[in-house]
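Trainee: pasting a predicted model and its sequence here:
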Amino acid sequence: MADVEERLAALEAQVAALVERIGGAEDSTPPLEGVFWALDGLKQRLPADSSGAVLYTGTVRVGGQHYDWQYGRAVEDLLADDWADLPAILSALAHPVRLRLLREILGGRQGTAELAGIEDLGTTGQLHHHLRQLTAAGWLRSAGRGRYAIPAERVVPLLTILAAAGR
């Protein structure tokens, strides 16, 4: 476990250094040598006999909040996991109203009264149904007094799923 934590800490330090280096760069030229700089770094950390690993990372500023996140898993571990709970987690995202709710909440509209005022989200009962579905799947948490938030550890994974879906 300590080895994984050390590797993650090293990756976090590298990402922080990269973010500092690229700062407010206005062009889209990759700031490092090679297009696959993150992939190259991941490969350097893998044992020679490894079947690979998956890494996602991000630094996000939205809705007045800042999120830094990175997560990696060995392919062997991913394939060995029980995938039985994944359909419920993923299907919670498979509704246009729920995706809209997540976008609005991420953007700062977190109160049910604010959300109920948005056109095309349905009735108050439907709104609460969708909020319950997202909360049950772990995409939202209650922030008290009719307010909701996306857990910090879910912001980058959510945006990663959206990016992987082709958006």
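Mentor: Structure received.

Trainee: break this structure down into its domains, please.
Mentor: Following automatic domain parsing, the chain resolves into domains at 2-79, 86-164.

Trainee: are we agreed that residue 70 is in a helix?
Mentor: No - per DSSP: H, G, I helix; E, B strand; the rest coil, residue 70 lies outside any helix segment and is strand.

Trainee: that one contacts residue 55, correct?
Mentor: Yes - here residue 70 reaches residue 55: they are 7.1 Å apart, a contact under Cβ atoms under 8 Å. For glycine as for every other residue, the C-beta is placed from the backbone atoms N, C-alpha and C.

Trainee: what sits in contact with each of the two?
Mentor: Counting by Cβ atoms under 8 Å, 6 or more residues apart in numbering, the common neighbours of residue 70 and residue 55 are residue 11.

Trainee: ok, back up a step: mean pLDDT lowest where, among the domains of the chain?
Mentor: The minimum mean pLDDT among the domains of the chain belongs to domain 2-79 (a mean of 80).

Trainee: helices along the protein, start to end?
Mentor: Assigned by DSSP state H, the chain shows helices spanning 2-22, 37-45, 75-80, 86-91, 96-106, 112-116, 124-136, 152-164.
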